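1. What shape does this take:
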Amino acid sequence: MIKLIKEGSLLSADGPEFEELNKFSAQLGRELVFEWIGGQFWLHSDLPPEKPIGIEIDRELSRHEDYFKKSSLQKELLARAVGVKGPYRPKVLDLTAGMLGDSLLLLSFGCEVWASERHPVIRFLIESALKNAQHPKIKSFHFLSQEASEVLKACPPVDVLYYDPMFEDANEKTAPKKEMRIFRSMVGSDQDAVDVFQEALELKVKRLVVKRPRQSIFLSHKPSVEYIGKSTRYDVYFSV
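-> Alright, predicted model coming up:
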């Protein structure tokens, strides 16, 4: 069972809206604790000393906006990878929303963004954060609580598919940050990563962008172009 805490009191988690979370908690074999903080739910860490995990949408978007007042957007590898150029802003489908890190960055570029997420715990955190968000740019964000493969069957009218799977290989040597460590412990890696990649490639949108650790293997064949940073690489496949 999950536990919901608000202002020190336990809330009921017996309703149908919590059925999937309770089922996942039972499968995991441990209690998941969510606490209401600042108008939304946060997940307690698996290590007691660590702070709870949540998505601060307004704060993140404002932080990005402040940064781009001082720095050129064209210096951003992700902006170049998805095709931001001059006034052009592509419509992007983020197939692996996760904690919205890249989705919010894309929004801050001025892109219209669709984002898909299948994991029930992450979906719960996203939906709670969206109800709490007030930043104007959130109007250009569309959340899809589905599997990536299901979304691809009825793909929104986008220019770019963006894919950041939890797909490990022997070249990954750095320890994952807190959020990634916790979610990997709950869901493991995306075993269908290559299949989803192939499905995305077959749609033949303008470009498919795959995010990988810098030294990692390609999900499939060599991309049309690579944008390589200090720790991250964006593999870009153009439609032919």
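
2. Starting from the host helix or strand of Y234, tell me which strands it pairs with and how they run.
-> Assigned by DSSP states H and E, Y234 belongs to strand 232-238. Looking at strand 232-238 with DSSP bridges, its partner strands are strand 207-213 (antiparallel), strand 225-228 (antiparallel).

3. Contact partners for the nearest residue to M1 once chain neighbours are set aside?
-> The shortest distance from M1 to any residue other than its chain neighbours is 5.5 Å, reached at N22 (Cβ to Cβ, 6 or more residues apart in numbering). In this view, the C-beta of every residue, glycine as well, is placed from N, C-alpha and C. By Cβ atoms under 8 Å, 6 or more residues apart in numbering, the residues touching N22 are M1, I2, A13.

4. Out of those residues, who's the most crowded?
-> Among the contacts of N22, the one with the most neighbours (other Cβ atoms under 10 Å) is I2, at 19 neighbours.

5. circling back to that earlier point, right, so of the strands paired with strand 232-238, which gets closest to S62?
-> strand 207-213 (23.6 Å; Cβ to Cβ).

6. contacting residues for F24?
-> F24 makes contact with L32, P120, V121, according to Cβ under 8 Å, 6+ apart.

7. Filter the residues you listed down to the ones in helices?
-> Judged by DSSP state H, the subset of the contacts of F24 located in helices is P120, V121.

8. Now which of the contacts of F24 would you call buried?
-> The neighbour-count criterion (16 or more other Cβ atoms under 10 Å) marks L32, P120, V121 among the contacts of F24 as buried.

9. rewinding a little: sort out which one of the contacts of N22 lies nearest G101 for me.
-> Using Cβ to Cβ, I2 is the member of those that lies nearest G101, at 24.0 Å.

10. can you tell me how far the closest one sits from D192?
-> Using Cβ to Cβ, to the nearest Å, I2 is found at 26 Å from D192.

11. can you list the domains in the protein?
-> Domain ranges of the chain: 2-37, 57-238, per automatic domain parsing.

12. ok, of those domains, where does mean pLDDT dip lowest?
-> For the domains of the chain, mean pLDDT drops lowest on domain 57-238, to a mean of 90.

13. Distance from that one to the middle of the chain?
-> 6 Å (Cα atoms, centre = their mean, to the nearest Å).

14. related to what we said a few turns ago, of the strands paired with strand 232-238, which stretch is the most buried?
-> strand 207-213 (a mean of 22; mean count of other Cβ atoms under 10 Å).

15. So which residues of this protein form strands?
-> Counting by DSSP state E, the chain has strands at residues 2-6, 9-11, 32-37, 40-43, 91-94, 112-116, 141-144, 160-163, 207-213, 225-228, 232-238.

16. Mind listing residues that contact the last one?
-> Same thing as strand 232-238. With contacts defined as Cβ under 8 Å, 6+ apart, strand 232-238 is touched by 77-78, 81, 201, 206-214, 216, 218-219, 223-228.

17. Mind doing that once more with 10 Å?
-> Applying Cβ atoms under 10 Å, 6 or more residues apart in numbering, the set of residues contacting strand 232-238 from outside is 77-78, 80-83, 160-164, 197, 200-201, 204-216, 218-228.

18. That'll do, ta.
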